[in-house]
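A.B. asks: next come a sequence and a model predicted from it.
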Amino acid sequence: MNNKGFTIIELLVMVGVLAVMSSVLFIDFGKDSKKFALERSTQKLAQDIRRSQAMAKSAISGTENTTGYGVYLSKASGNNTGYIIYRNENENPYYEPGTDAVVETISLESEISICDIKKDNVSESDNIMSISFEPPDPITYIENDYFGHEAEITVCTPSDVSQFKKIYINNSGRIEISD
């Protein structure tokens, strides 16, 4: 007798194998989803810093008082899940609420935070930092300083401190991401 088909046992074995393979896939995906969120958030922050730099370089103006663009980061009072892109409306190269215009407020992905902000390898005591760009070159300010300094922003997953990425910005305008 020549039967062409599957037996019920063969079908059950195949369903079992597929169930085991898909469960392994979904378990691994859960672990990697935080890594992907961390990578996306870090890339987005670096891209927004570059966007501020480009807006200053192209001299996009909001008003005649615009003296540049920048990114304001804060991890003070638990406000470490986002940042602000601002248009500088005064002579100071740092963000001043109420004086400078907010271009955009950006939130990091869920479960991702700004864990540390450093200037010249020393954590900022007030947990805030402005990185601004003044046209036309643009001149890069880290807080008030425009020469010989470097900022380090650590983006991490607070539930697993071993997962983090760092963004480095120096006064020459170099922006780099590192593990």
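C.D. replies: Here it is on my side, so go on.
A.B. asks: I'd assumed residue 142 was in contact with residue 150.
C.D. replies: Yes - counting by CB atoms under 8 Å, residue 150 does reach residue 142; the two are 7.2 Å apart. In this view, the C-beta of every residue, glycine as well, is placed from N, C-alpha and C.
A.B. asks: so between those two, which is more surrounded?
C.D. replies: residue 142 (22 against 16; other CB atoms under 10 Å).
A.B. asks: which residues in the protein form helices?
C.D. replies: In the chain, the helices defined using DSSP state H lie at 8-57.
A.B. asks: got the angle between the lengthiest strand in the chain and helix 8-57?
C.D. replies: If you go by DSSP state E, the chain has its longest strand at strand 160-170. In terms of direction (axes from the mean of the first three to the mean of the last three CA atoms, to 10 degrees), strand 160-170 departs from helix 8-57 by 30 degrees.
A.B. asks: what's in contact with strand 160-170?
C.D. replies: Contacts with strand 160-170, where a contact means CB atoms under 8 Å, 6 or more residues apart in numbering, come from 34-35, 38-39, 42, 45-46, 49, 115, 131, 140, 142, 149-157, 174-179.
A.B. asks: buried subset of those?
C.D. replies: The neighbour count (16 or more other CB atoms under 10 Å) marks 34, 38-39, 42, 45-46, 49, 115, 131, 140, 142, 149-157, 175 as buried among the contacts of strand 160-170.
A.B. asks: pretty sure residue 40 sits against residue 108.
C.D. replies: No - proximity of residue 40 to residue 108 does not meet the contact threshold set by CB under 8 Å, at 9.2 Å.
A.B. asks: more neighbours: which of the two?
C.D. replies: The neighbour count for residue 40 versus residue 108, taken as other CB under 10 Å, is higher for residue 108 (20 against 13).
A.B. asks: roughly how far apart are that one and residue 151?
C.D. replies: Separation of residue 108 from residue 151 (CB to CB, to the nearest Å) stands at 17 Å.
A.B. asks: and if you look at residue 24?
C.D. replies: 41 Å.
A.B. asks: do residue 9 as well
C.D. replies: 64 Å.
A.B. asks: follow-up on the earlier one: need the residues touching each of residue 150 and residue 142.
C.D. replies: 119, 169, 170, 171.
A.B. asks: not counting sequence-adjacent ones, nearest residue to the second one?
C.D. replies: Which is residue 169. Excluding the flanking residues, the one nearest residue 169 by CB to CB, 6 or more residues apart in numbering is residue 151, at 4.6 Å.
A.B. asks: is that neighbour bridged to anything, and to what?
C.D. replies: The partner list for residue 151 in beta bridges (DSSP bridges) reads residue 119, residue 169.
A.B. asks: next up, the contacts around it.
C.D. replies: Here residue 151 is in contact with 117, 118, 119, 129, 131, 142, 168, 169, 170 (CB under 8 Å, 6+ apart).
A.B. asks: cheers, nothing more for now.
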